[in-house]
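A.B. asks: Take this sequence and fold it.
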Amino acid sequence: MIRARTRSADGTRELAASLADLAQPGDLLLLVGDLGAGKTAFTQGFAAALGVSEPVASPTFTLAREYRGRLLLHHLDVYRLEQISEVLDLGLPELLDSGGVVLIEWGDAIRQALPNDHLEVALTFIDAQRSPPDERRVVLTPVGPRWQVRARAIAAAAEPWREASPR
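C.D. replies: Predicted structure coming up:
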């Protein structure tokens with residue numbers, strides 16, 4: 001588990017861009033956090049680093065968007081799914097086999113239907129009474145062998161935003 005802290009939406013985008021340099025075909029990232037925590041900002045930075053030039057918006061109502069860059073980027077938002085069986089309609093296995101990267105906002109809601117090989121990106125607000133209002137904690141958790149082998153590279157990519165471990 002790697003703990004980072006960003007001080008603005010731009011900082012969240014920059015952290016994501018740094019992580020996108022590590023992206024490989026077939027990667028899955030679960031974006032977790034409350035409304036407004038920065039999941040879409042993270043995706044925007046990730047997409048920009050992949051060379052996506054078009055605007056990236058949350059696919060809340062369309063469920064999925066596709067962007068072309070160095071790698072194909074599939075951006076899913078499963079917030080509105082009512083049943084876990086609806087995940088099958090998204091064609092996730094095909095998206096993972098497409099040679100691209102899949103980022104799923106609210107991915108924790110469908111975790112049991114996903115491969116156990118992903119990078120979890122948990123974004124949370126930091127107490128606004130003690131911190132700037134746009135400050136976020138970002139916890140990166142590599143899950144499964146595909147991500148465990150890149151744990152050091154993930155830590156190095158996140159180093160400029162690294163948060164000291166609690167004692």
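A.B. asks: how about the strands in this protein?
C.D. replies: Remark: strands assigned in the chain by DSSP state E are 2-6, 28-32, 64-67, 73-77, 101-105, 118-125, 136-143.
A.B. asks: And the pLDDT for residue 98?
C.D. replies: At residue 98, the model reports a pLDDT of 81.
A.B. asks: And residue 27, how close does it get to residue 115?
C.D. replies: 11 Å (Cβ to Cβ, to the nearest Å). C-betas here are computed from N, CA, C, even on glycine.
A.B. asks: ok, those two, which is more surrounded?
C.D. replies: Taking neighbours as other Cβ atoms under 10 Å, residue 27 and residue 115 compare with residue 27 leading, 20 against 14.
A.B. asks: Residue 44 versus the more buried one, what's the distance?
C.D. replies: According to Cβ to Cβ, residue 27 and residue 44 sit 17 Å apart.
A.B. asks: Looking at the strands of the chain, which is nearest to residue 20?
C.D. replies: Distance to residue 20, taken as Cβ to Cβ, is lowest for strand 101-105 among the strands of the chain, at 8.2 Å.
A.B. asks: the inter-axis angle of the closest one versus strand 73-77?
C.D. replies: Interaxial angle of strand 101-105 relative to strand 73-77 (axes from the mean of the first three to the mean of the last three Cα atoms, to 10 degrees): 20 degrees.
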